[in-house]
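S.K.: can't give you the sequence, but here's the structure:
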């Protein structure tokens with residue numbers, strides 16, 4: 001079993017309920033459901049089937065909310081964020097490969 005402090009440091013640990021996540025993001029629970037439908041991320045599910053969110057997912061949701069608040073369509077905002085995330089990962093891999101040479 002993972003230690004509590006390890007879970008608290010893990011950005012991918014699904015620590016937040018939908019209600020708490022919506023409160024942190026500053027959006028409605030429906031907004032979080034729509035992010036799932038737009039495939040920005042898939043929330044984890046508890047044993048009872050309730051959505052649970054990680055800190056990483058909350059950061060993506062905040063970015064999406066900011067973009068939507070500025071007038072970007074939700075689906076477009078999600079696509080932009082996904083592409084930015086993919087670019088960041090590709091750049092990280094490239095740096096790691098260059099460092100290994």
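M.R.: Yes, it's here. This structure is a prediction, so every number in the text was calculated from the model and none was measured. Numbering: from 1, shown residues only.

S.K.: for the biggest helix by length in the chain, give the mean pLDDT please.
M.R.: Counting residues, the longest helix in the chain under DSSP state H turns out to be helix 74-99. In this model, helix 74-99 has an average pLDDT of 96.

S.K.: now do the buried residues in it.
M.R.: Neighbour counts over helix 74-99 (16 or more other CB atoms under 10 Å) mark 74, 77-78, 81 as buried. For glycine as for every other residue, the C-beta is placed from the backbone atoms N, C-alpha and C.

S.K.: next one: stretch 24-33
M.R.: Buried-residue list, stretch 24-33, by 16+ other CB under 10 Å: 25, 27, 31-32.

S.K.: could you dump those residues to TSV with pLDDT, distance to residue 96 and secondary structure?
M.R.: Shown next, in TSV, are the buried residues of stretch 24-33 (pLDDT from 0 to 100; distance: CB to CB, whole Å; DSSP: H, G, I helix; E, B strand; the rest coil):
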residue	pLDDT	distance to residue 96	secondary structure
25	96	31	helix
27	96	34	coil
31	98	35	helix
32	97	33	helix
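
S.K.: and the residue positioned nearest the centre of the chain, what does it touch?
M.R.: For the chain, residue 57 is the residue whose C-alpha lies nearest the centre (CA atoms, centre = their mean; 1.8 Å). By CB atoms under 8 Å, 6 or more residues apart in numbering, residue 57 lies in contact with 21, 41, 43.

S.K.: picking that back up, helices and strands around the longest helix of the chain, which ones?
M.R.: If you count contacts as 3 or more CB pairs under 8 Å, 6 or more residues apart in numbering; DSSP states H and E, helix 74-99 packs onto helix 29-37, helix 55-69.

S.K.: of all those, which one is nearest residue 98?
M.R.: Residue 98 lies closest to helix 55-69 among the helices and strands packed on helix 74-99, at 25.4 Å (CB to CB).

S.K.: picking up where we left off before, next, format the helices and strands packed on helix 74-99 as TSV and append distance to residue 16.
M.R.: Shown next, in TSV, are those (distance: least, CB to CB, whole Å):
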stretch	distance to residue 16
helix 29-37	10
helix 55-69	7
